[in-house]
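Enquirer: what's the 3D shape of this:
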Amino acid sequence: VPNVRYEDVGGLDKLLETIREVAEWPLKHPEWFRTLGVHPHRGALLHGPPGCGKTLIAQAIASEAGAHFIALKGPELISKYQGESEENLRAVFEEARQAKPAIIFFDEIDAIGQRRSSEETLRHEARFVNQLLTLMDGFDGADGIFILAATNRPELLDEALTRAGRFDRSLHIPPPDEA
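Expert: Numbers count the residues shown, from 1 in each chain. Next up is the predicted model:
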């Protein structure tokens with residue numbers, strides 16, 4: 001669990017309120033959602049210019065929720081051997097299942113979640129995106145696992161990643177104001 005608090009994130013107080021509702025509450029209070037019969041968000045996409053605090057916010061959410069934090073840079077999971085990238089991804093989700101509550105954070109998700117293509121050179125990436133979509137669909141938002149992703153290029157992402165039940169909340173992180 002990172003040692004970062006919401007107070008360490010400057011100039012984004014209003015946005016942090018939304019983030020708490022979307023990401024922290026399902027991890028800290030899953031019983032609220034079960035009692036109400038409401039399905040919380042499974043994941044959120046943080047997007048904004050480089051250096052605006054997306055990673056810091058993800059760490060703060062994990063810290064405030066007391067959640068196991070699995071931080072991954074996009075290309076870390078990719079292997080040149082067929083099937084190994086998908087196996088690496090399955091291992092990450094299994095680690096999260098065993099360490100609930102947990103946050104899986106994909107930094108620079110645009111490196112691994114680009115639009116799928118049938119071109120021969122891009123089929124490996126398409127298999128990886130398909131595996132990610134399958135794993136994201138395999139749990140409920142109240143299961144104690146939350147998926148966060150960050151990018152400064154949201155237009156590159158496969159549309160299937162941002163549909164309901166996946167990264168269904170897209171939050172623009174602006175640069176902090178001067179104060």
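Enquirer: Give me the helix or strand of the protein that scores worst on average pLDDT.
Expert: Lowest on mean pLDDT, DSSP states H and E among the helices and strands of the chain sits helix 123-137, with a mean of 78.
Enquirer: Show me which residues of that helix are buried.
Expert: Glu125, Ala126, Phe128, Val129, Gln131, Leu132, Leu133, Leu135, Met136 (16 or more other Cβ atoms under 10 Å). Any C-beta I mention is one placed from the backbone N, CA and C, and that applies to glycine too.
Enquirer: and it, how far from the chain's centre?
Expert: Put simply, helix 123-137 sits 15 Å off its chain's centre (Cα atoms, centre = their mean, to the nearest Å).
Enquirer: Who are the packing partners of that helix?
Expert: Helix 123-137 is packed against helix 84-98, with contacts defined by 3 or more Cβ pairs under 8 Å, 6 or more residues apart in numbering; DSSP states H and E.
Enquirer: Each with direction, which strands does the helix or strand following the helix it packs on pair with?
Expert: Going down the chain from helix 84-98, the next helix or strand is strand 102-107, by DSSP states H and E. In the sheet, strand 102-107 lines up against strand 68-73 (parallel), strand 145-151 (parallel) (DSSP bridges).
Enquirer: Please report how far the residue nearest in space to the middle of the chain lies from Pro26.
Expert: By Cα atoms, centre = their mean, the chain has its centre lying nearest to Leu148, at 1.5 Å. Using Cβ to Cβ, to the nearest Å, one obtains 12 Å as the distance from Leu148 to Pro26.
Enquirer: What lies in contact with the least confident helix or strand of the chain?
Expert: With contacts defined as Cβ atoms under 8 Å, 6 or more residues apart in numbering, helix 123-137 is touched by 42-43, 77-78, 82, 85-86, 89-90, 93, 112-114, 116-118, 147, 158, 160-161, 165-166.
Enquirer: List the ones among those residues that fall in strands.
Expert: If you go by DSSP state E, these have Gly43, Ile147 in strands.
Enquirer: Can you say which of the contacts of helix 123-137 are buried?
Expert: 42-43, 77, 85-86, 89, 93, 112-114, 116, 147, 158, 160-161, 166.
Enquirer: So which of these is the closest to Glu178?
Expert: Gly43 (31.7 Å; Cβ to Cβ).
Enquirer: Tell me what the nearest residue to the closest one once chain neighbours are set aside is bridged to.
Expert: Computed as Cβ to Cβ, 6 or more residues apart in numbering, the closest residue to Gly43 that is not its neighbour in sequence is Ile147, at 3.5 Å. Bridge pairing for Ile147 (DSSP bridges) gives the partners Gly43, Ile104.
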